[in-house]
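Peer 1: Fold the stuff below for me.
(one chain, ligands or ions: 2)
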Amino acid sequence: ATPTAIMVGTGLGAGRGVLFKNATAIETSQKIDVVVMDKTGTLTQGAPEVTDLIVEGLPEIDALALVAAVERESEHPLAEAVVRHADAAGAARLAAEGFRSVPGKGAVATVDGRRVAVGNVRLMEAESVELGALGAAQQELAAGGRTAVLASVDGRAVAVIGIADAVRPTSAAAVAELTGLGVEVVMLTGDNAATAQRIGEQLGVTTVIAEVLPGDKAAKVKELMDGGRRVAMVGDGVNDAPALAQADLGIAIGAGTDVAVETADVVLMRSDPLDVAVALRIGRGTVRKMR
Ligand code: ADP
Ligand code: MG
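Peer 2: Ligands and ions are numbered 1, 2, ... in the order given. The predicted model follows:
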């Protein structure tokens, strides 16, 4: 691109909150073959809400109190949703000891002298918990696009919590527009495969890479870069920063964490997934004026 094209592109972008950090970012955005989108907080609102609660073997309110005691110590957005729900239901506030977060899986702690684990199927496997009937409930929730959080007390499965995180209103349009530009769209997430698959279907994303541990996101991006394909990564979270750095073009959702915004080459101030397509079109010189 000529210096003039870069200046024009920078100005067009700034006019709608698409901030290119430097000239290279504009040049790279014209050559992107693959756009990898983080699911939570990028394609979805990142504002999870509890929608379902299935409890076995103890009163619901007691299960909520035990689960919330663990989740109160966690910084995960799912944990916040669980705590809010427990508080709204009037569950007792119990103290947790020996809290330990298990990245990409969940968290464990001792509450009232009992070992409480809260997280996904892989955490339950690690804890040697038999899911029994709650396994079917988990699968049903996941098939419906819900994130299912499981809980065990002293090695026994006690609860499944269904959590919904609404997709952003423009996510499907963004996927369609990127596909129309001849770009392959890939969804990358730490969430359960069935949940991710369902949300991918809703949005028209054909390639879904799920159950990726936080530390493995960058390696997945690197794999997609094999064979010289140029890859953009779009993300919002602390977890996403290494993948944003690894990609040819890192794009941060403006409402995301500071570290993601700092690491990225492009920042979408309006947090609108459609602006990913705008960024690529600015690189291609096909954006003439602001909408
Ligand atoms: P994402 O890439 O979707 O942001 P994470 O890597 O942070 O996901 O987490 C992956 C999965 O681990 C979550 O979908 C959830 O099933 C489980 N998990 C992690 N932390 C917690 C927690 N504190 N409470 C419940 N589940 C958790
Ligand atoms: Mg995210």
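
Peer 1: how close does the residue positioned nearest the centre of the chain get to Val266?
Peer 2: The residue lying closest to the centre of the chain (C-alpha atoms, centre = their mean) is Thr40, at 2.2 Å. Distance from Thr40 to Val266, counting by C-beta to C-beta, to the nearest Å: 20 Å. C-beta here means a position set from N, CA and C on the backbone, and glycine is covered the same way.

Peer 1: what's the answer for Ala5, then?
Peer 2: Applying C-beta to C-beta, the value for Ala5 to Val266 is 16 Å.

Peer 1: do the same with Ile163
Peer 2: From Ile163 over to Val266 (counting by C-beta to C-beta), the distance is 30 Å.

Peer 1: likewise Leu213?
Peer 2: 26 Å.

Peer 1: quick one: contacts for the residue nearest to the centre of the chain?
Peer 2: Shown in contact with Thr40 (C-beta atoms under 8 Å, 6 or more residues apart in numbering): 46, 77, 165, 189-191, 236-237.

Peer 1: Next, give me the two most distant ones among the residues you listed.
Peer 2: Maximum pairwise distance in these, criterion C-beta to C-beta, is 14.2 Å, between Asp191 and Asp236.

Peer 1: Tell me where the model's unsure across this structure.
Peer 2: In the prediction, the chain carries residues with pLDDT under 70 at positions 288-291.

Peer 1: just the strands in it please.
Peer 2: Under the criterion DSSP state E, the chain contains strands at 18-20, 34-38, 49-55, 96-102, 106-111, 114-119, 147-153, 156-164, 184-188, 207-209, 231-235, 249-253, 266-268.

Peer 1: Make JSON lines out of those strands and add mean neighbour count.
Peer 2: Shown next, in JSON lines, are those (neighbours: other C-beta atoms under 10 Å):
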{"stretch": "strand 18-20", "mean neighbour count": "23"}
{"stretch": "strand 34-38", "mean neighbour count": "25"}
{"stretch": "strand 49-55", "mean neighbour count": "17"}
{"stretch": "strand 96-102", "mean neighbour count": "15"}
{"stretch": "strand 106-111", "mean neighbour count": "22"}
{"stretch": "strand 114-119", "mean neighbour count": "23"}
{"stretch": "strand 147-153", "mean neighbour count": "26"}
{"stretch": "strand 156-164", "mean neighbour count": "22"}
{"stretch": "strand 184-188", "mean neighbour count": "22"}
{"stretch": "strand 207-209", "mean neighbour count": "18"}
{"stretch": "strand 231-235", "mean neighbour count": "29"}
{"stretch": "strand 249-253", "mean neighbour count": "29"}
{"stretch": "strand 266-268", "mean neighbour count": "26"}
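
Peer 1: what would the ones you listed look like in JSON lines with distance to Val129?
Peer 2: What follows is those, written out as JSON lines (distance: least, C-beta to C-beta, whole Å):
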{"stretch": "strand 18-20", "distance to Val129": "46"}
{"stretch": "strand 34-38", "distance to Val129": "29"}
{"stretch": "strand 49-55", "distance to Val129": "15"}
{"stretch": "strand 96-102", "distance to Val129": "13"}
{"stretch": "strand 106-111", "distance to Val129": "11"}
{"stretch": "strand 114-119", "distance to Val129": "7"}
{"stretch": "strand 147-153", "distance to Val129": "4"}
{"stretch": "strand 156-164", "distance to Val129": "5"}
{"stretch": "strand 184-188", "distance to Val129": "27"}
{"stretch": "strand 207-209", "distance to Val129": "26"}
{"stretch": "strand 231-235", "distance to Val129": "31"}
{"stretch": "strand 249-253", "distance to Val129": "35"}
{"stretch": "strand 266-268", "distance to Val129": "40"}
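
Peer 1: could those go into CSV alongside distance to ligand 1?
Peer 2: CSV is the format used below for these (distance: least, C-beta to the nearest ligand atom, whole Å):
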stretch, distance to ligand 1
strand 18-20, 24
strand 34-38, 6
strand 49-55, 11
strand 96-102, 7
strand 106-111, 4
strand 114-119, 4
strand 147-153, 4
strand 156-164, 8
strand 184-188, 8
strand 207-209, 11
strand 231-235, 9
strand 249-253, 13
strand 266-268, 18
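
Peer 1: Select, out of the ones you listed, the one closest to Arg281.
Peer 2: strand 18-20 (9.9 Å).

Peer 1: which other helices and strands contact that closest one?
Peer 2: Under the contact definition 3 or more C-beta pairs under 8 Å, 6 or more residues apart in numbering; DSSP states H and E, strand 18-20 sits against helix 3-15, strand 266-268, helix 274-283.
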